[in-house]
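Q: How does the following fold in three dimensions:
(one chain, ligands or ions: 1)
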Amino acid sequence: MPEEPKKTSERSKPTWEVPLEDPKELKIDEPSTLAGGVPAIISSLKHTTHEMGIIRGGQALLKVNQKGGFDCPGCGWPDPDDERAITEFCENGVKAVAHEATKKVITKDFFKHWSIEAIGQQSDYWLGQQGRLTHPMFKEEGSTHYRPIAWEEAFTKMATHLNALEDPNEAILYTSGRTSNEAAFLYQLFARLYGTNNLPDSSNMCHESSSVALKEVIGIGKATVTLDDFQHADAIFILGQNPGTNHPRMLATLQKAAGRGCNIVSINPLPEAGTTRFIHPQEFTTWLGQGTPLATLFLPVKINGDVALLKGIMKELLEREDQQPGTILDTTFIQQHTDGFENFAAALRQVSWDDIVEGSGIPWEDIHKAVDIVINAKTIICTWAMGMTQHKNAVANMQEIINFLLLRGNIGRTGAGACPVRGHSNVQGDRTMGITENPAPEFLDRLGEVFNFQPPTRQGHDAVRGIKAMHEGRAKVFIALGGNFLSATPDTCYTAEAISRCRLTVHISTKLNRAHLVTGNEALILPAMGRTDQDRQSGNLQYVTTENTMVVVQTSQGQLEPVSPDIKSEVNIVGNLAKATFAQRVGPGQHIKWDTLMGNYDEIRRLISQVVPGFEDYTARVKQPGGFYLPNPIRDDRNFLTSTGKANFTVHPLPNIPLQPGQLLMMTIRSHDQYNTTIYGLNDRYRGVKAGRRIVLMNQMDADERKLAKGDLVDIVSHHEGHTRKAAQFTVIPYPILRTCVATYFPEANVLIPIDSVADKSNTPTSKSVVVTVHPSSGHSRHP
Ligand code: SF4
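A: Sure, this is the predicted structure:
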């Protein structure tokens, strides 16, 4: 049992705020240009032994991403279709597994000793280090502590609160991207039987913009490529993505591609070790070498300079086509499969080279190097992540990528296409299962037919709208199926106020996180099984299913004995919540055999196959080793299911975020010891940061101009529509990033992201383009 914390000056800080850290602990080294290798092995071993021990660790890791094993709880990167290695995981996959499969547990006594306020004074890293939650806990109105509660009582409380609401739309049912297909399907069914589409999810904060953008222009909101396509691509463009930290197994794919001569172009404001050089940790013979160079060309764009850069590349392609007609563009593809080319080309010809160079930050000569790579590539894949999706013009960003691919017919054929890389292992599957605030009418019709009820058609709240509804008193019950809502969302102070105005907040979680510390009048923490846990229902072992970023649906069966008999599976928790809620009222939901569904997940899959297209004969097909591919009309038939029946070229203005003198554009990023909101450690090996997280990466000239030196402490103030927000005490690190651009880690900097600053059409918070100023901190001291 950890000791009660000493009283410090930080004790008066609100529990929602990530506590400040001692800047003297921070060490700053040179950034690395080499990913993987021996340091990745050492880090993996450290996390394995520290959290799981060798035996439990070996038991878990040998089953991760294996056919018949469990799906890594980390990112959505796919597994090979054919033979798999014994060690089919990366360093950050090990961290994710170790974090979940830890032997450490939080007992009931923990919450007796620690008040919520006292826990809130600890760092996010400390919270995660306390171990797995093992018992349902309840906080009464006015209480300072959580206390144990029986499961039945917890379900009754939730049901009573839900049934007391005047309108079902006063409830918000959030889902994190780890939730299985089965739990997600049941959860959305429960929500709609209850009467609401208020189903925000973690996708609202990340790839919502990709889904919206792709649906409009190519007809589906998912990747059009398979893993195998990467081995047939002549060029791979990686935009706004740091695969070395966020999808590390992608580096092995890139290494293989680079080895056969594929050109890799990295477009990113920061140089990242993961796209520079890579030593595959599982290739022992290469450990002492220099590694494989990955990116042939690195284009360090300004933050949000991607549209300008893509316009530059495409403008040059148009100009070369004009000079040598019929040799540069795929005119046959454009004529047969696309719409809107003439408008697109006319608009592009109007854009000046000066604006392109100014907007992108990339000199004309380097844009030409990219164009040469494009022209020499018969097949191109574009991959991207949050660097593209979290801007006001995020939807335009992805549609510009599609314009780029369409020009040379680089979509719907082997070795070519679009690949948004999802950051959480089943965030895509949850959407497929109906977790969305804005369901398609066809989906609701099928759901209504199969379950014999009239689903609600009113659009629900996404994450940002849900926060506003709670803040304004229009939503009163908040239930989170997984995740760390408070730390994943923007404007932390506003969000915390919103949550604390609820009558009841519920978190279904594997581990303690900051979201548990900001509560409604009453609050529940319900301990859930993770991917690694054996899930036995009615005496039989169950498995769940997930969908990876390249639309493969596969099984996931936990292998470890759960750390407590008192934790339940997410399916079981959702089923019991539904059962308790509908037992208290008359109406839809009562006729469903919730016990049967909880007792045998095949029964849930049988219902999914009746509602969701592509899941016919679900259980039999998913049990085939490796699972099955969902239909993908573009990859399969070059069939674009858009309003025009073709792939649509679109026209977008150059983004312009005006900066006043002294202002900078900030993006939030992850450290290498972090996965989404989970903090595994305080180091960022690749960027040379040790023992600290409150740092700001800044161009040396911007630092000089402000008379700041490496190690100085600054407060960061964001500016939006006349309002300011402040985050204190960040250490300045001069870094190779273009002028006027800065980077900070989230969730520490989330407090700066205005709730009203969202992407057009997708409503995703603009976490990658926040206008800020930096000011010497009141505790302004130079780092030793
Ligand atoms: S690449 Fe992603 S899915 Fe694969 S092991 Fe690493 S974290 Fe897990």
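Q: need the contact list for residue 434.
A: 184, 185, 188, 189, 199, 443, 447, 611, 612 (Cβ atoms under 8 Å, 6 or more residues apart in numbering). All C-beta atoms are positioned from the backbone trio N, CA, C, and that covers glycine.
Q: Nearest to the ligand, out of those residues: which one, please.
A: The ligand lies nearest to residue 184 out of these, by Cβ to the nearest ligand atom, at 18.3 Å.
Q: Inside helices: which ones of the contacts of residue 434?
A: Judged by DSSP state H, the contacts of residue 434 include 184, 185, 188, 189, 443, 447, 611 as members of helices.
Q: okay, these in TSV with neighbour count, pLDDT and distance to residue 102 next?
A: Converted to TSV, those look like this (neighbours: other Cβ atoms under 10 Å; pLDDT from 0 to 100; distance: Cβ to Cβ, whole Å):
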residue	neighbour count	pLDDT	distance to residue 102
184	30	98	25
185	29	98	29
188	26	98	30
189	26	98	32
443	19	98	38
447	23	98	38
611	21	98	36
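Q: what are the ranges of the helices in the stretch 51-200 of the chain?
A: 54-61, 91-100, 108-113, 116-120, 124-129, 151-164, 181-194 (DSSP state H, counting those that start in this stretch).
Q: a helix runs through residue 365, doesn't it?
A: Yes - assessed by DSSP: H, G, I helix; E, B strand; the rest coil, residue 365 belongs to a helix.
Q: tell me the pLDDT at it?
A: Looking at residue 365, its pLDDT stands at 97.
Q: which stretches of the protein have low pLDDT?
A: Along the chain, the model assigns pLDDT under 70 to residues 1-13, 287-288, 779-784.
Q: which parts of it sit against the ligand?
A: When proximity is defined by Cβ under 6 Å from any ligand atom, the chain lies next to the ligand at 72, 74, 75, 77, 89, 90, 92, 93, 96, 247, 248, 249.
Q: do that again at 8 Å, thanks
A: 64-65, 71-77, 79, 88-94, 96, 246-250, 425, 548, 675 (Cβ under 8 Å from any ligand atom).
Q: circling back: reformat the helices of the stretch 51-200 of the chain as JSON lines; add distance to residue 461.
A: Shown next, in JSON lines, are the helices of the stretch 51-200 of the chain (distance: least, Cβ to Cβ, whole Å):
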{"stretch": "helix 54-61", "distance to residue 461": "37"}
{"stretch": "helix 91-100", "distance to residue 461": "29"}
{"stretch": "helix 108-113", "distance to residue 461": "30"}
{"stretch": "helix 116-120", "distance to residue 461": "26"}
{"stretch": "helix 124-129", "distance to residue 461": "26"}
{"stretch": "helix 151-164", "distance to residue 461": "16"}
{"stretch": "helix 181-194", "distance to residue 461": "11"}
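Q: which one of those lies closest to residue 383?
A: Proximity to residue 383 (Cβ to Cβ) singles out helix 91-100 among the helices of the stretch 51-200 of the chain, at 17.3 Å.
Q: between that closest one and helix 54-61, how many degrees?
A: Per axes from the mean of the first three to the mean of the last three Cα atoms, to 10 degrees, the angle that helix 91-100 makes with helix 54-61 is 120 degrees.
Q: Give me the residues contacting helix 91-100.
A: 36, 40-41, 43-44, 47-48, 50-52, 57, 60-61, 64-65, 72-75, 89, 128, 132, 245-246, 248-249, 281, 510-511, 530-532, 672-673, 675, 678, 680-681.
Q: Which members of the residues of the chain next to the ligand occur in strands, if any?
A: residue 675 (DSSP state E).
Q: Now which of the residues of the chain next to the ligand would you call buried?
A: Burial by neighbour count, 16 or more other Cβ atoms under 10 Å: within those this picks out 64-65, 71-77, 79, 88-94, 96, 246-250, 425, 548, 675.
Q: any idea how far the helix ranked longest in the chain is from the chain center?
A: Secondary structure of the chain per DSSP H: the longest helix is helix 306-323. Centroid separation between helix 306-323 and its chain, computed with Cα atoms, centre = their mean, to the nearest Å, is 31 Å.
Q: What of stretch 474-488?
A: 16 Å.
Q: That one: which residues count as buried?
A: Buried positions in stretch 474-488, judged by neighbour count with 16+ other Cβ under 10 Å: 475-488.
Q: Of those, which pair is most distant in space?
A: Using Cβ to Cβ, the two most remote members of the buried residues of stretch 474-488 are 476 and 487, lying 22.2 Å apart.
Q: Could you find the residue in the stretch 101-250 of the chain that comes nearest to the ligand?
A: Using Cβ to the nearest ligand atom, the closest approach of the stretch 101-250 of the chain to the ligand is made by residue 249 at 3.5 Å.
Q: wait, doesn't that residue sit right on residue 89?
A: Yes - using Cβ atoms under 8 Å, residue 249 is in contact with residue 89, at 7.4 Å.
Q: re the thing from before, contacts for the following helix or strand past the longest helix of the chain, please.
A: Next in sequence after helix 306-323, counting helices and strands by DSSP states H and E, comes helix 331-337. For helix 331-337, contacts defined as Cβ under 8 Å, 6+ apart pick out 341, 406, 407, 408, 409, 412, 638, 640, 646, 647.
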